[in-house]
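Fold the following.
(6 chains)
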Number of protein chains: 6
Amino acid sequence: MSQPIVFSTQRYQYLKEDLMQHAGLQWESGLISIRDFPDGEHYHRIRSDIRNKPVILLGGTIDDQETLELFDLANGVVQCGASSLYIVIPFFGYSTMERAVKQGEIVKAKNRAILFSALPQTSQGNNIIMIDLHADGISYYFDGNIRPVHLYGKSIVERAALELAGGEPFVLASTDAGRAKWVESLANDLHVPAAFVYKRRISGDETHITAISADVKDKMVIIYDDMIRTGGSLLHAANAYKQSGAREINVITTHGLFSGGSFAKIRNSGLIKQIICTNSHPSALAIHDPLLRIISVSDLILSYFRDIGLHG
Amino acid sequence: MSQPIVFSTQRYQYLKEDLMQHAGLQWESGLISIRDFPDGEHYHRIRSDIRNKPVILLGGTIDDQETLELFDLANGVVQCGASSLYIVIPFFGYSTMERAVKQGEIVKAKNRAILFSALPQTSQGNNIIMIDLHADGISYYFDGNIRPVHLYGKSIVERAALELAGGEPFVLASTDAGRAKWVESLANDLHVPAAFVYKRRISGDETHITAISADVKDKMVIIYDDMIRTGGSLLHAANAYKQSGAREINVITTHGLFSGGSFAKIRNSGLIKQIICTNSHPSALAIHDPLLRIISVSDLILSYFRDIGLHG
Amino acid sequence: MSQPIVFSTQRYQYLKEDLMQHAGLQWESGLISIRDFPDGEHYHRIRSDIRNKPVILLGGTIDDQETLELFDLANGVVQCGASSLYIVIPFFGYSTMERAVKQGEIVKAKNRAILFSALPQTSQGNNIIMIDLHADGISYYFDGNIRPVHLYGKSIVERAALELAGGEPFVLASTDAGRAKWVESLANDLHVPAAFVYKRRISGDETHITAISADVKDKMVIIYDDMIRTGGSLLHAANAYKQSGAREINVITTHGLFSGGSFAKIRNSGLIKQIICTNSHPSALAIHDPLLRIISVSDLILSYFRDIGLHG
Amino acid sequence: MSQPIVFSTQRYQYLKEDLMQHAGLQWESGLISIRDFPDGEHYHRIRSDIRNKPVILLGGTIDDQETLELFDLANGVVQCGASSLYIVIPFFGYSTMERAVKQGEIVKAKNRAILFSALPQTSQGNNIIMIDLHADGISYYFDGNIRPVHLYGKSIVERAALELAGGEPFVLASTDAGRAKWVESLANDLHVPAAFVYKRRISGDETHITAISADVKDKMVIIYDDMIRTGGSLLHAANAYKQSGAREINVITTHGLFSGGSFAKIRNSGLIKQIICTNSHPSALAIHDPLLRIISVSDLILSYFRDIGLHG
Amino acid sequence: MSQPIVFSTQRYQYLKEDLMQHAGLQWESGLISIRDFPDGEHYHRIRSDIRNKPVILLGGTIDDQETLELFDLANGVVQCGASSLYIVIPFFGYSTMERAVKQGEIVKAKNRAILFSALPQTSQGNNIIMIDLHADGISYYFDGNIRPVHLYGKSIVERAALELAGGEPFVLASTDAGRAKWVESLANDLHVPAAFVYKRRISGDETHITAISADVKDKMVIIYDDMIRTGGSLLHAANAYKQSGAREINVITTHGLFSGGSFAKIRNSGLIKQIICTNSHPSALAIHDPLLRIISVSDLILSYFRDIGLHG
Amino acid sequence: MSQPIVFSTQRYQYLKEDLMQHAGLQWESGLISIRDFPDGEHYHRIRSDIRNKPVILLGGTIDDQETLELFDLANGVVQCGASSLYIVIPFFGYSTMERAVKQGEIVKAKNRAILFSALPQTSQGNNIIMIDLHADGISYYFDGNIRPVHLYGKSIVERAALELAGGEPFVLASTDAGRAKWVESLANDLHVPAAFVYKRRISGDETHITAISADVKDKMVIIYDDMIRTGGSLLHAANAYKQSGAREINVITTHGLFSGGSFAKIRNSGLIKQIICTNSHPSALAIHDPLLRIISVSDLILSYFRDIGLHG
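Numbers count the residues shown, from 1 in each chain, chains lettered A, B, ... in the order given. Reported below is the predicted structural model:
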């Protein structure tokens, strides 16, 4: 199979560069022309010759513009005759709107799956590769026209945890009941105790921690959550662990969105010693602060391509 | 819209009769001929004239034979020219195999969704109505050819809980972490405390309760779980609540499968005072024991049809 | 058939209200809850009960947010069980990017057609109604899952022209060669002479008028164009007609986008006496200036629904 | 193209082994884990790494469990990312229920075709290979998502006939009118006379031979039928040929189902000297009797794979 | 449901008129404009307003022009917004090319099914109604986008047979082995003996009758065949029955194609006393000869529409 | 990738031979058997073994028979198991019926796109390659199952123009307003002036030239039109250019249909000195006249296949 050509949306340009560096010299960097018009339309042109070649396209469904740019580029890749298409979505936006809790709620995660399932097919098929989805079920929301792949960042998290612990014992902790099973499984793999907090949602965003299930007194606590958005749940949990006597709290998350002023809020709380997140979302990249260390998902992505024979 | 004709698979005949009684006289009972051949094939013939009429078809994906009978009847309904098709699946089998935990695991819940999405369409569309799915996401596994509807039996559970409590205070409890959020929400609606147990799976089926998050001492505990299959988790949880001082333990479940000799095992444990389940699975109907009370899902199903204008 | 429920995207709320007023009392106004999150996601919930009822949804593909809001609302309408869906797109964005001129250009008009063709179907089918498309072919870009309808605003334009002329003779004129055939046909229907300008595109946006095909000296000229975006072509043409002796220049356009500061630029040129456009694009509504008169497309839309038996 | 990995359903394990032996060393044997649960569900996991590799999957639609196992394994192969899928169905169950004779009969052969057409596609497409279908038309019941291939076992039958005859003259005979054309064509190819019996179906299974069209007196008769299920037709025909003076009767069939106690019934009739069938159905393999000789379809299957360049 | 509008292809205009007369006054006759261009293209315009109304379209796949006219009109009906479409194909051309006998033969019956399955759908679905298909399986060649209906003309044939016999005894006979089962079943229903001839195809069109299975001496023979094309098989069979002593031979066929000079050949043979065929193919209508009596399929078609509630 | 096998419809046999000569020795010529039956049916058999090989199929939608032959051959190619299919349509018939001008007009260009989109897919996908479409939008009428490619014959036209001019200055001219933009662009590329005529269609075919936009006096005029059918527009335009003083008129067209007696009419007019067209339509090939020079599209087609790696 010939070497792939790699493209990205505008805001994931950084990840493309990072991936290309990891991949070595054989992968070709795809060229695009982009222009924005004052009426809200955008112009895209694929400048590389991709006919009958495999294409990797990086982007995230992080907001409306990026979502449509990703969709439009993917359509362009098919229209231009690529032999296969691999859409890599490091962070799948709307993954928390994955079901209707109340009658009439619009299930955006399904809509995004419908969107990418609607792409016409390249001659050897379309694939969509996602990392640490908030809800596993989302992989199965796509229909038969596209082959979804869910990459688990477990090894990244484990490595980060061991590094943060630096040989000391620690407790792996979750921010809420929804991740309890995930953290339990991770703790079992790392042979450390697991801790959980349980919050009761009183109304809207107001929540109240009702219980902690494990002993964290005088221990290092490492909280894992798949994503940090407003940081609300994280700070509630960290506070509860602190009040239960935790000596030091560190945080690992796959997707660091830190939306609004949430990173400042977390730093100003003084509760967290270190946060590690991946470069799956461009927002994390914009933060330059010793509190935050960013590690790359490029190796995880490359190992997938190596496994299917598209080695970098 | 004309009145619907109602069919069922063989093992859901009881629910068809129950539903017809609830629906009143206007719904027509559909006639089918069935013959089984020694080589493993089956013969089905729809004897009612269903051309250009709405059809309701009851059945569950409870084992291979029922699954294919439901699929074959549904295909027959389409082939014979019904105007619309409503497949009512009170218990959706394989709902716990809704994602691959290990590489290579075959996701049966998706496969069943693919199966029913493959039905050719009646002139006014196919619908699939399911009750208390183990994983909400499953509704979104179906593709665009069929409209999935998820009916929540919350009102049934709440009514059963109030009845069991008989005016006394009680704690609503879960059997494991996976249902924590559901039980918490239900407890909030009932304005009662919620209790959770957390089990650590040691290997295969062997699990160990590590923590209980709420005070159950001297209280009536009502455990809710969406389904009881082997009863293993239920008994572990009941035992833990008992050892934490619960005065009396009752159980509500939507789907009572009680597979193998599990019902006897539960009764013999002496831990449970009363179990309430619905008639969503034929296995529950086969048990005649004062320990078990069965309530019907027919009203829940009928209220859906009333809402869409196909009133009984 | 029951009366439809009408929804719109946020920026087309004004057209929904206008349409409801024209439709009379029988149509129901649909209710939606919307919330925007700081991370770029949006929350939508359909609050009306639309099960088994026809739904009309108004919106335009005018920018990324509106396009996805329209797509998400349409998906929600299907998920919630409407019997039929009529998406009314008064202005179809990207209609000028309807083919690849250079190798590798991404054809957005096709992508948008793919997007709306991807909607799962309501029981009685999905329809998309568009007004005065820039390229007729776009109707045929949609695939078999959705039925496209192209409404021509010819009668609106003709009425506007007669009103502007006030009984005086006039010449109907075009802004460039691309619309020559359309203007010719319109002029034939109105029994007036047609005028054309021919511009040579020198490079990028720089164009040069090379010829005018008809005598406009001392005459009232009414220019028709399907849309005004930057106003560049319009001003070039108006200038040419003026220099050829036109006594007075008026303008009719279906879609008034007036992007950037283009309206001011047109007004400041002093070339145009009066502009008439429809309310198909929200930008036109934001302009309050005696130079611009806005007429409604609601009657055109309603006459379509009357013809198919969904009368207001 | 890389070498394929071969899987089978549980009951076709024997054919997989036979095929692997014929194929030589280059084909890889696929590994699966299977577990059955007491509630009627099954667990399957594909243990081999099949990403981007061609997969051959053997199985038959011989009963409900096998049919769904085959469907589930096939879905798993697609979900796990195989590059192509070749489903080999040596015996296609329900091939006699290939059309509705009476109003309302459910056409199972079509339903099975719908089932396998519903599989999502591997990147290089899905194929279904069937042997000696009872009705040729069934190949065309599949839709465009899967490429059906019908392998004719004519050469196997002819070789078997020549072997049975051992150089002596013989008459090729059919069991009923439905196979008349097939036997006639086969007889023409073998340059032997063809004989036919015509039965009148009186009611249900009761039939009466009304005529024999060729002279079989003192001749060796070799009956060919595509499948033997209950053996009823075969014994009626054999009896008629015997009464018409046939010296010796032998039987060739592609698919030996021998359902119920039919093999014993045939043997006890004493009418047949030798039966040859293929290993297309596992039931035949369970019979160990000098009356029955079983020949393998592996060469037929392999020659197909050799022709398309997937040589063993 | 509103009354349908009826259209036909050019060559089936006669059947439309016949059907309209049978249907009574309520059905509306659809108007079409047609023009042929010298370069081989055709122009079609549907002049009736069919938006949201049911449409019946009559036509046959009798040659290339009719096939494409039927396909184009059907597409037009969908494009113009009919609520439902019923394509009535009295004679389905290529029904004898329903499977590949030799490797590489192109299966036209499947291709025609693909053609009509490709029609975009009306809001309440597309239907295709066919009469006395040469091979039953063809109904199942269509995919899920269109609902096939196979009408059996058995009652027409039986009525014709009783009329021909005029109270006298007769033998029902077939022209070749392929129709043996059909004729047998028909004979059983009429309580008369069945006769069969068996021909051996020597090469190409040359065939040789080898056997007759029933006594026809001094009896009236009524041959039934689903279609008469070149008349070759018919004359061979009639000749054989004559030589076996038949007193008088009559013929019933559903589809009278009589291609080339075949009708004259049949008449000149002097073998046949009377032929009855239906008006399913326009060629039969062009023959005016006392030997041929034509009966209408309109009642058969109308009874279908009456059954589904679209009564004439 | 293995070398392709090339097939064509009957009337494009000449282009297949021409293409094979240009391609060199490596491409294999595909073998087909064809027979026509008196009842209007045709028999086709693909005699080459095309399993798992790429296939190129040449043909045009020039009339009903060719259209269905192309469709049937394409279906046959898929049914026989080709790995990929490239349908080359040098002239796409019905390209002027690409939209409905009046209500109810049937859009044949869309119907033809639906036809070829309906082909089941080869394992590596279906492609359709078209040359100089009358309306660019038609490429986007195809749905996702087939990948359309539009080849522009610009280089052929430019080379022909330079050759005709023989170094002398010339004006590039169009036949009507519809091609104005195309001719303008071509003239810009050739750095020559562009001339346009504008005709007013009075009724039906009667048109009247109203204006010429450029100075053609004493100049050589080269008219370009994408196709010549009846030659009416061409002669009107040529006459107008002549009357405006053109010294000499030459014509270039991609598609020379010359339907009816139009070529004679053109020659007899004496207006045109030389016509150059391509061999995209078989009608042009039938004309042997010094007025007409025919150039081949084979190089254009081959360059496409070379670009995607299927080099001749």
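
So A:Ile56: helix, strand or coil?
Using DSSP: H, G, I helix; E, B strand; the rest coil, the structure places A:Ile56 in strand.

That one contacts A:Leu15, correct?
No: applying Cβ atoms under 8 Å, one finds A:Ile56 not in contact with A:Leu15, separated by 11.1 Å. (C-beta placed from N, C-alpha, C; glycine too.)

Quick check: the residue nearest to A:Val77 when sequence neighbours are not counted vs D:Lys242, distance?
Distances taken as Cβ to Cβ, 6 or more residues apart in numbering or on different chains put A:Val55 closest to A:Val77, at 4.9 Å, once the chain neighbours are dropped. A:Val55 is 70 Å from D:Lys242, where distance means Cβ to Cβ, to the nearest Å.

the more surrounded of the two?
Neighbour tally, A:Val55 and D:Lys242, criterion other Cβ atoms under 10 Å in any protein chain shown: the higher count belongs to A:Val55, 27 against 18.

how near is the more buried one to A:Thr67?
Here A:Val55 is placed at a distance of 19 Å from A:Thr67 (Cβ to Cβ).

what does A:Asn145 give?
Here A:Asn145 is placed at a distance of 18 Å from A:Thr67 (Cβ to Cβ).

Please say which of those two ends up with more neighbours.
Comparing A:Asn145 with A:Thr67 by other Cβ under 10 Å, the one with more neighbours is A:Thr67, at 25 against 18.

who's in contact with that one?
Counting by Cβ atoms under 8 Å, 6 or more residues apart in numbering or on different chains, A:Thr67 makes contact with A:Thr61, A:Gly93, A:Arg112, A:Leu115, C:Asp64, C:Leu68.

before we move on, what about A:Ile308?
D:Arg51, D:Asn52, D:Gly81.

tell me, how many neighbours does the second one end up with?
Yep, that's D:Asn52 we're talking about. If you count neighbours by other Cβ under 10 Å, D:Asn52 ends up with 19.

List the buried residues of the strand or helix carrying A:Ile266.
Using DSSP states H and E, the element containing A:Ile266 is helix A:262-269. Neighbour counts over helix A:262-269 (16 or more other Cβ atoms under 10 Å in any protein chain shown) mark A:Ser262, A:Phe263, A:Ile266, A:Arg267 as buried.

any chance of the residues you listed in CSV, with pLDDT and distance to chain B too?
Output for those, formatted as CSV (pLDDT from 0 to 100; distance: Cβ to the nearest Cβ, whole Å):
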residue, pLDDT, distance to chain B
A:Ser262, 94, 23
A:Phe263, 96, 27
A:Ile266, 97, 24
A:Arg267, 96, 30
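
Kindly indicate which of the residues you listed lies nearest E:Val216.
A:Ser262 (95.1 Å; Cβ to Cβ).

for that closest one, what are its contacts?
By Cβ under 8 Å, 6+ apart, A:Ser262 lies in contact with A:Ile228, A:Arg229, A:Thr230, A:Gly231.

residues in contact with the spatially most central residue of chain A?
Closest residue to the average C-alpha location of chain A: A:Phe91 at 3.3 Å, with Cα atoms, centre = their mean. Listed by Cβ under 8 Å, 6+ apart, the contact partners of A:Phe91 are A:Gly60, A:Thr61, A:Ile62, A:Ile131, A:Met227, A:His255, A:Leu257, A:Ser280, A:His281.

Check A:Leu162 too.
Going by Cβ under 8 Å, 6+ apart, A:Leu162 touches A:Leu190.

which stretches of chain A aren't confidently modelled?
Counting by pLDDT under 70, the ranges of chain A that qualify are A:1, A:25, A:177, A:199-207, A:210-211, A:311-312.

Give the members of the contacts of A:Thr67 that are also in contact with chain D.
Among these, no residue sits close to chain D (Cβ under 8 Å from any Cβ of the partner chain).

Save the residues you listed as CSV, and put in neighbour count too.
As requested, the contacts of A:Thr67 are exported to CSV (neighbours: other Cβ atoms under 10 Å in any protein chain shown):
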residue, neighbour count
A:Thr61, 26
A:Gly93, 23
A:Arg112, 28
A:Leu115, 23
C:Asp64, 20
C:Leu68, 25
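
between those, which is closest to E:Ala237?
A:Leu115 (62.0 Å).

Please report how far that closest one lies from D:Phe263.
As for A:Leu115, its distance to D:Phe263 is 57 Å (criterion: Cβ to Cβ).

ok, now A:Gln274?
A:Gln274 sits 74 Å away from D:Phe263, taking Cβ to Cβ as the criterion.

Over to A:Gly76?
Using Cβ to Cβ, A:Gly76 is found at 63 Å from D:Phe263.
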